[in-house]
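> Here is a sequence together with a model predicted from it:
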Amino acid sequence: MIALLLLSLLAEPYSEERARAVLESMRKDARRHMSVDPEDGRYFYRLTVELKAKRVLEIGTSAGYSGGWFAMALKKTGGRLITIEIDPERHAAALKNFAAMGVSDVVEARLANALTEAARIEGPFDIVLIDAWKPDYLRYYELVLPKVRRGGAILAHNTRNAAFTLRPFLERIQNDPAVRTEFLDESPQGLSVSWKK
Ligand SMILES: C[S@@+](CC[C@H](N)C(=O)[O-])C[C@H]1O[C@@H](n2cnc3c(N)ncnc32)[C@H](O)[C@@H]1O
């Protein structure tokens, strides 16, 4: 107990500069970890701060690159991220990366199947990012829509490079009267932003 107290007193205070350096170092494994691009990450950060988001849900953690961007912004807003990953190795890598960034205190990383886990989690959320197996996007959308607050946003990654597989989902988000959908121009792989009315 005393040792833990001493360790926490010796621990370096959180620094966003250091967190950003860890995110940068994660780019070398971006392809292997199927991460979003820095353009998307910067948007997640901006959006989280602008919405003063307190609760963010991510479906598909991988090694924590996108989650790291949310977490850095949530450090500012006083919010928290729940992120779900089905693969134990990627989940473990994410835990390490969140710790290295100094953001573990605002992240709840769950090792679970998001199809069942997301159904169990109670809203409301300010932001949800869908970035898991592409054929499941429509199911995730229907699952999370009731859990997002009015004025909140459902984001989905790979809307450009996986447009064919995502067709039923893309049709739904562009025709659902419950949301207004736009696409982030600067996202290399494509990012939809559906604002809940
Ligand atoms: C594209 S990667 C996520 C990348 C991450 N968002 C980032 O930018 O760093 C998709 C991840 O979703 C995970 N995944 C796929 N199906 C899942 C499910 N049913 N439940 C939880 N995670 C799932 C995969 O194991 C993979 O790590």
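Everything's here; your move.
> Pop out the phi and psi values for the residue lying closest to residue 95 once chain neighbours are set aside.
Leaving aside its sequence neighbours, residue 95 sits nearest to residue 109 (Cβ to Cβ, 6 or more residues apart in numbering; 5.8 Å). The C-beta positions use only the backbone N, C-alpha and C, and glycine is treated the same way. In terms of degrees, to the nearest 10, the main-chain angles of residue 109 are phi -100, psi 120.
> next one: residue 180
Torsion angles, degrees, to the nearest 10, at residue 180: phi -120, psi 120.
> Determine the number of other residues adjacent to it.
A count of nearby residues for residue 180, using other Cβ atoms under 10 Å, gives 14.
> Report the contact partners of it.
194-195, 197 (Cβ atoms under 8 Å, 6 or more residues apart in numbering).
> Any regions of the chain where pLDDT drops low?
The model of the chain has pLDDT under 70 over residues 1-11.
> How many residues are close by the residue nearest to residue 95?
22.
> Now that it has come up, it's in contact with residue 92, right?
No - judged on Cβ atoms under 8 Å, residue 109 makes no contact with residue 92 at a distance of 9.5 Å.
> Following the chain onward from the longest strand seen in the chain, which element is next?
When the chain is parsed with DSSP state E, its longest strand is strand 148-157. Using DSSP states H and E, the next helix or strand after strand 148-157 towards the C-terminus is helix 167-175.
> Which parts of the protein are strands?
Under DSSP E, the chain gives strands at 55-59, 80-85, 107-111, 125-130, 148-157, 179-183, 191-196.
> Return the angle between stretch directions for the last one and strand 179-183.
Translated: strand 191-196. 160 degrees (axes from the mean of the first three to the mean of the last three Cα atoms, to 10 degrees).
> what's the neighbour count on the residue lying closest to residue 74 once chain neighbours are set aside?
Counting by Cβ to Cβ, 6+ apart, residue 74 lies nearest to residue 106, which is 4.7 Å off, once chain neighbours are set aside. Using other Cβ under 10 Å, residue 106 has 21 other residues around it.
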